[in-house]
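Student: Sequence and predicted structure are below.
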Amino acid sequence: MVQRLKEVDVVVIGVGMVGSILSKELAAAGYKVVGLERGQTRFTVPEFQSPAIHDELRFDIRKALMQDNTREPVTFRNSSSQTALPVRRWESFLADSIEYAASKYEDRWVALLEPTYTRITVGMVRCLHLWGGEDEVVLLSRADAPSGTRWSGGEYVYAPGCEEACVSRSVGARLLRSIREAHFRAIDACGKAHAGNNQRRRAHSPGVLRYLEEVLGRKLPNPSYARGASKGEPSNVKQPAENPALESHPFADELAEELSILADAELSSTEKVALIVARRGQGVFRENVLRVEPRCRVTGVTDADHLRASHIKPWRDCSNGERLSENNGLMLAPHVDHLFDRGYISFTDAGELLVSKFLDPLVLRDWGLTGSVDPKSFSPKQCVYFDFHRNQVFERRGHGKESDHGDE
C-alpha cells in the first residue's frame with residue numbers, strides 16, 4: 001500500500017557515510033531533508049561490536065545483514081538506460097532442477113553439500129553448481145541455449161552436446177526461462193548417458209532437500225535409492241550427521257542439529273520452525289525469556305534490541321521442551337553472552353556473578369564488567385538449569401571453544 005508523505009526539499013537515497021554527511025550539511029543550510037535506507041534498523045552495538053561482529057555462522061553463512069531476497073526481492077541497474085533486473089537467490093532454480101531430475105532419472109541424481117557450494121549431479125556430470133559468486137555455473141544444452149551465453153569451454157563425455165555456462169545471479173526473468181529449458185535438456189543428456197555410481201550416491205546430502213522445503217514451502221522428492229531412510233528401511237545414503245560433506249562444513253554441528261529437527265517425523269512443521277529459531281536464540285524462546293529476564297544481569301541493559309536470548313543449559317544437552325523453556329534462558333549483552341557461552345562466567349542461585357579462574361582479568365576491566373547489577377535470586381526452576389551450567393559448562397568449555405548454546 002502506497003503512503004504519500006509530506007514534501008521536503010531533499011530526499012537522500014542511502015544514508016551511509018556519504019549520505020549522512022550530505023544530509024547533515026543540507027540540514028545545517030536550512031533544507032528539509034529525508035533519508036531513505038533499505039532494511040531493518042541497525043545499531044553499532046551490538047551488531048558491529050566484538051565479539052558479535054565475528055559471528056561467522058550468523059553473518060557469513062546465514063547472511064544476517066543482507067536482505068532476504070526470497071521474501072523481499074530487490075532490483076538493480078547500472079544506469080537509467082538499462083532495465084532493472086532482480087537480484088536473485090537461486091533456491092527456486094535449484095529446486096526446479098531437483099524436481100526435473102527426480103521425475104526422469106529418480107536413481108541417477110545426487111545433491112551435494114560442501115563448505116563453499118551446493119551441487120546437483122546427474123549421471124556422472126555436475127549439472128548445477130551454486131557457490132554464491134557473481135556467476136553461477138549451469139550445465140546447458142548448446143543447441144537450446146539462448147544467444148550470448150558465456151561458455152566455460154569444457155567438453156563432457158557423459159554429457160554429449162552440453163557445456164557449462166556462467167549465468168549472472170541477476171539474470172532477467174525471460175532469459176532465465178530460456179536457460180532453465182536448456183538446463184533441463186542438459187539433465188536429459190546426462191541422465192541418458194550414464195547411470196552414476198554408488199560412490200556418488202553415498203555422498204548424497206538429504207539436508208539440501210529439507211532446507212529447500214523449509215525456505216520455499218514446497219515438498220521435494222528424494223532419489224529412489226534414499227527413500228528407504230524415511231521408512232526405517234536400510235539405505236546406502238549416510239544420514240546428515242555422518243555425511244562426509246557435512247562433516248567438512250565449518251558449522252557441521254549446527255547444521256546437523258537443525259537437520260535432525262527437520263527430519264523428526266514426530267514434530268509438526270510449526271514445532272520444527274519454533275525449535276530451529278529457538279536454537280538461534282530467536283522466536284518463541286526469546287519471547288518467553290524476555291518475560292522472565294527482561295534485562296542483562298551483568299550490564300543492566302534493558303533494550304531488547306541489544307540483548308541476546310542465551311540458553312543456560314546448552315542446546316545439544318536439552319530435550320525439545322527444555323529448548324523452548326523460559327526458565328532455561330537469560331537475556332545477555334553480546335559480550336556477556338560470549339563469556340557465558342564459553343564457560344568463563346556463571347551465576348549462583350542467588351544471582352551472584354561467578355568468574356572463571358581462566359578468564360584474563362583485563363577482559364573484565366576493559367569491558368567494564370564488575371559483577372551482577374543488583375543481584376536477584378533465580379527461581380527454583382531456573383536453578384535446575386544453572387546447576388547444570390555450573391557443573392558442565394563453567395570452567396569446562398572455555399579456552400576458545402564454543403559450547404554451542406546456539407544463540408544469536
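Tutor: Received, thanks.
Student: rest of the way, CA atoms for contacts and neighbours
Tutor: Fine.
Student: which residues does Thr118 form a beta bridge with?
Tutor: Leu113, Leu130 (DSSP bridges).
Student: Count the neighbours of it for me.
Tutor: 17 (other C-alpha atoms under 10 Å).
Student: Just name whatever secondary elements whichever strand or helix holds Glu287 is in contact with.
Tutor: Assigned by DSSP states H and E, Glu287 belongs to helix 283-292. Counting contacts by 3 or more C-alpha pairs under 8 Å, 6 or more residues apart in numbering; DSSP states H and E, helix 283-292 packs against helix 269-279, strand 308-311, helix 320-324, strand 329-332.
Student: Out of those, which gets the lowest mean score?
Tutor: Within the helices and strands packed on helix 283-292, confidence is poorest for helix 269-279, with a mean of 61 (mean pLDDT).
Student: residue ranges with poor pLDDT in the stretch 1-150 of the chain?
Tutor: When residues are selected by pLDDT under 70, those of the stretch 1-150 of the chain lie in 1-2, 39-40, 52, 60-63, 67-74, 76-78, 82, 84-89, 115, 132-134.
Student: Tell me who's in contact with the closest residue to Lys376 other than its chain neighbours.
Tutor: Nearest non-adjacent residue to Lys376, counting by C-alpha to C-alpha, 6 or more residues apart in numbering: Gly351, 5.1 Å away. Counting by C-alpha atoms under 8 Å, 6 or more residues apart in numbering, Gly351 touches 372, 375-378.
Student: Which of those fall in helices?
Tutor: Among the contacts of Gly351, no member is found in helices (DSSP state H).
Student: Go through these and give me the one with the most neighbours.
Tutor: Result: Phe378 is most packed of the contacts of Gly351 (other C-alpha under 10 Å), 19 neighbours.
Student: Grab the nearest non-local neighbour of that residue.
Tutor: Phe378 sits nearest to Asp349 (C-alpha to C-alpha, 6+ apart), 5.6 Å away.
Student: So the one you found versus Pro380, what's the distance?
Tutor: 8 Å (C-alpha to C-alpha, to the nearest Å).
Student: Those two - which one has more neighbours?
Tutor: Asp349 (18 against 11).
Student: Show the pLDDT at the more buried one.
Tutor: In this model, Asp349 carries a pLDDT of 94.
Student: Pull the contacting residues for it.
Tutor: Asp349 touches 377-378, 383, 386, counting by C-alpha under 8 Å, 6+ apart.
Student: Please spell out the segments of the stretch 151-300 of the chain that come in under the pLDDT threshold.
Tutor: 154-155, 170, 197, 199, 215, 217, 227-284.
Student: can you give me the strands for it?
Tutor: 162-168 (DSSP state E, counting those that start in this stretch).
Student: tell me the contacts of Leu364?
Tutor: Contacts of Leu364 by C-alpha under 8 Å, 6+ apart are Thr370.
Student: Report the secondary structure state of Leu339.
Tutor: helix (DSSP: H, G, I helix; E, B strand; the rest coil).
Student: Surely it touches Ile345?
Tutor: Yes. At 5.8 Å, Leu339 counts as touching Ile345 under the criterion of C-alpha atoms under 8 Å.
Student: Show me which of the two is the more surrounded one.
Tutor: Shown here are Leu339 and Ile345; by other C-alpha under 10 Å, Ile345 has more neighbours (24 against 21).
Student: contacting residues around the more buried one?
Tutor: 339, 353-356, 394-395.
Student: can you check Pro160 too?
Tutor: 189-190, 193.
Student: What is the burial count for Arg108?
Tutor: 25.
Student: Repeat that for Val138.
Tutor: Val138, neighbours per other C-alpha under 10 Å, totals 25.
Student: Look up phi and psi at it.
Tutor: phi -130, psi 130 (degrees, to the nearest 10).
Student: try Asp9
Tutor: phi -80, psi -40.
Student: so it makes contact with Ala29?
Tutor: No. If you go by C-alpha under 8 Å, Asp9 and Ala29 don't touch, sitting 11.4 Å apart.
Student: re the thing from before, so how far is Asn327 from the residue nearest to Lys376?
Tutor: Taking C-alpha to C-alpha, one finds Gly351 at 14 Å from Asn327.
Student: Once you drop chain neighbours, what's closest to Leu175?
Tutor: In space, Leu175 is closest to Pro146, 7.5 Å off (C-alpha to C-alpha, 6+ apart).
Student: Ramachandran angles for the one you found?
Tutor: Torsion angles, degrees, to the nearest 10, at Pro146: phi -70, psi 160.
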